[in-house]
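Enquirer: Sequence first, predicted coordinates after that:
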Amino acid sequence: MPQTRITKAVIPAAGLGTRFLPATKAMPKEMLPMVDAPAIQYVVAEASRAGLNNVLVITGRTKRALEDHFDRVPSLEAALERKGDEKKLAAIQESSNLGDIHYVRQGDPKGLGRAVLCAQRHVGDEPFAVLLGDDLIDERDELLAEMIRVQQATGGSVVALMEVPREAISAYGSADVTAVEGESFVQVHGLVEKPAPEDAPSNLAIIGRYVLHPAVFDVLHETGPGRGGEIQLTDALQTLAARDGEGGGVYGVVFRGRRYDTGDKLSYLKAVVTLACGREDLGPQFRPWLEEFAAGL
């Protein structure tokens, strides 16, 4: 039976962003700039490149700036057009042309599983992608397209995995996997949320990209609070991994490309510097200054 073409992406953005206070007291964490574009724009652009042009952002109170960013500002566009500043005009129009973007409020943040449930009415009975804003994938590396291919081939759900040092696995979910003969992806048999290094089934960490079968919604409705008193998507995927038939099975794509973590202040700073160094308009001047600055410390 042919699989339904995947066109919808869900981006959870209802978190409080407490790691970045006081900057996030009045500004959504997702709007923190990655050089000159907010983090969430990188995520929406990634979805668009993979053909996911129907985007649902799960928001909360104080997140209105997200909607404003992806909306048009005719007065600003007209001012830039009068000045003949075509470069800046194109830059602000880019965010308005990434796709059809919708919004729904989550209310109280109660875990990633709860955020995904908020998307059920919008997604319907179709496979869909979930992209977390803390993980930015370099535009030169394809991940979502490969995950979509695996979902279409298997009919199950797909998670993105990345090798991390064993001692760092407690910051992630860890996957128990086996190879699939003749394929580049793996089958996931178990998932453990933030295990101690000695209890982790592998050093393969789940990063913030998922392509899910809609069967996940029924499982989430039956999933009680897990770690931290929240509804964990990992728990629902654990159930699906053990299930046969329609929507059963969980598979993993091991990503070995460039990923930028923006989940805390230190990793955010590293991500901004890395992106700036790689920019053609900034890198040639920024890299020598950075080397000189570091040498003087």
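Expert: Now that the structure is in, tell me what you want to look at. Numbering: from 1, shown residues only.

Enquirer: how about the residue found closest to Ala13 once you drop the neighbours it is linked to in the chain, phi and psi?
Expert: Using Cβ to Cβ, 6 or more residues apart in numbering and skipping residues adjacent in sequence, the residue nearest Ala13 is Glu30, 4.9 Å away. The way it works is simple: take the backbone N, C-alpha and C, and place the C-beta from them, glycine included. Here is the backbone geometry of Glu30 (degrees, to the nearest 10): phi -70, psi -10.

Enquirer: who touches Glu30 in this structure?
Expert: Contacts for Glu30 (Cβ atoms under 8 Å, 6 or more residues apart in numbering) come out as 13, 17, 38-40, 63, 66, 133.

Enquirer: Find me the pLDDT at it, would you?
Expert: The model reports Glu30 with a pLDDT of 91.

Enquirer: cool, and Gln232?
Expert: 85.

Enquirer: for it, what are its contacts?
Expert: 111-113, 193, 223, 226.

Enquirer: go on, Arg279?
Expert: Arg279 neighbours (Cβ under 8 Å, 6+ apart): 35, 286.

Enquirer: sorry, back to before: what about the contacts of Gln232, which are in strands?
Expert: Secondary structure from DSSP state E places Glu193 of those in strands.

Enquirer: where along this protein do the strands fall?
Expert: Using DSSP E, strands in the chain cover 8-12, 33-34, 37-38, 54-59, 100-105, 128-131, 135-137, 157-163, 173-179, 186-193, 204-212, 250-254, 259-261.

Enquirer: Redo the ones you listed as a markdown table? Include mean neighbour count, mean pLDDT and distance to Gly84.
Expert: What follows is these, written out as a markdown table (neighbours: other Cβ atoms under 10 Å; pLDDT from 0 to 100; distance: least, Cβ to Cβ, whole Å):
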| stretch | mean neighbour count | mean pLDDT | distance to Gly84 |
| --- | --- | --- | --- |
| strand 8-12 | 26 | 95 | 35 |
| strand 33-34 | 14 | 94 | 25 |
| strand 37-38 | 18 | 93 | 22 |
| strand 54-59 | 23 | 94 | 32 |
| strand 100-105 | 15 | 92 | 29 |
| strand 128-131 | 26 | 97 | 36 |
| strand 135-137 | 23 | 92 | 32 |
| strand 157-163 | 25 | 95 | 43 |
| strand 173-179 | 19 | 89 | 50 |
| strand 186-193 | 20 | 89 | 53 |
| strand 204-212 | 24 | 94 | 40 |
| strand 250-254 | 23 | 95 | 45 |
| strand 259-261 | 18 | 89 | 34 |
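
Enquirer: Identify the residues contacting the closest residue to Leu112 other than its chain neighbours.
Expert: What sits nearest to Leu112 in space, not counting adjacent residues and going by Cβ to Cβ, 6+ apart, is Leu233, at 4.4 Å. Counting by Cβ under 8 Å, 6+ apart, Leu233 touches 111-113, 116, 130, 210, 216, 220.

Enquirer: and which of the contacts of Glu30 is nearest Gly296?
Expert: Ala39 (30.0 Å; Cβ to Cβ).

Enquirer: For Thr59, give its distance to Ile11.
Expert: Per Cβ to Cβ, to the nearest Å, Thr59 is found 9 Å from Ile11.

Enquirer: picking up where we left off before, in helices only, show me the contacts of Glu30.
Expert: Counting by DSSP state H, the contacts of Glu30 place 39-40, 66 in helices.

Enquirer: Among those, which one sits closest to Pro284?
Expert: Closest to Pro284, out of all of the ones in helices among the contacts of Glu30 and judged by Cβ to Cβ, is Ala39, at 24.4 Å.

Enquirer: That closest one: neighbour count?
Expert: Residues contacting Ala39 under the criterion other Cβ atoms under 10 Å number 23.

Enquirer: close enough to count as contact, Gly155 and Gly249?
Expert: Yes. In terms of Cβ atoms under 8 Å, Gly155 counts as a neighbour of Gly249; the distance is 7.3 Å.
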